[in-house]
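Novice: My questions concern the predicted model and sequence given below.
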Amino acid sequence: MNERYLSVVQVAEMLGTTVRFPRRLVEERRITYVKVGRHVRIPESALRAYIDTHTVEPRRHRLGVAA
């Protein structure tokens, strides 16, 4: 059990968002979470996977080619 479990507040701080955003991710089941009684915890690996999945890579433009 080496996994670190984050509270909704911690996830919001890491993402730089309000608490509402990670709560909405949980409500819509867009991120893996664990219920511990009435508390919601998000595994750090799930947060990393969510960020990796939603990371947009920049486009590479070729010089000299008209669009």
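Specialist: Done, it's in. Numbers count the residues shown, from 1 in each chain.
Novice: Lys35 should be in a helix, yeah?
Specialist: No. Assigned with DSSP: H, G, I helix; E, B strand; the rest coil, Lys35 falls outside any helix and is strand.
Novice: Return the set of residues that bridge with it.
Specialist: Listed by DSSP bridges, the beta-bridge partners for Lys35 are Val40.
Novice: what's the pLDDT at it?
Specialist: Looking at Lys35, its pLDDT stands at 96.
Novice: For Val56, see how far away it is.
Specialist: Distance, Lys35 to Val56, using Cβ to Cβ, to the nearest Å: 31 Å. Bear in mind the C-beta positions are built from the backbone N, C-alpha and C, glycine included.
Novice: what about stretch 41-61, start to end distance?
Specialist: This stretch, stretch 41-61, spans 41 Å end to end (Cα to Cα, to the nearest Å).
Novice: Kindly apply the preceding question to stretch 9-29 instead.
Specialist: 17 Å.
Novice: Burial check on Ile57, number of neighbours?
Specialist: Actually, residue 57 is Glu rather than Ile. Counted with other Cβ atoms under 10 Å, the neighbours of Glu57 add up to 5.
Novice: In three-state terms, label it for me.
Specialist: Secondary structure, three-state DSSP: Glu57 is coil.
Novice: Ramachandran angles for it?
Specialist: Glu57 adopts backbone torsions of phi -80, psi 150, taken as degrees, to the nearest 10.
Novice: hang on, the earlier thing: among Lys35 and Val56, which residue is more densely surrounded?
Specialist: Relative neighbour count places Lys35 above the other of Lys35 and Val56, with 9 against 5, counting by other Cβ under 10 Å.
Novice: separation between the more buried one and Glu27?
Specialist: Distance, Lys35 to Glu27, using Cβ to Cβ: 13 Å.
Novice: So which residues of this protein form strands?
Specialist: Using DSSP state E, the strands of the chain run over 5-6, 34-36, 39-43.
Novice: Using JSON lines, lay out the ones you listed together with distance to Thr17.
Specialist: Below are the strands of the chain laid out as JSON lines (distance: least, Cβ to Cβ, whole Å):
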{"stretch": "strand 5-6", "distance to Thr17": "13"}
{"stretch": "strand 34-36", "distance to Thr17": "20"}
{"stretch": "strand 39-43", "distance to Thr17": "13"}
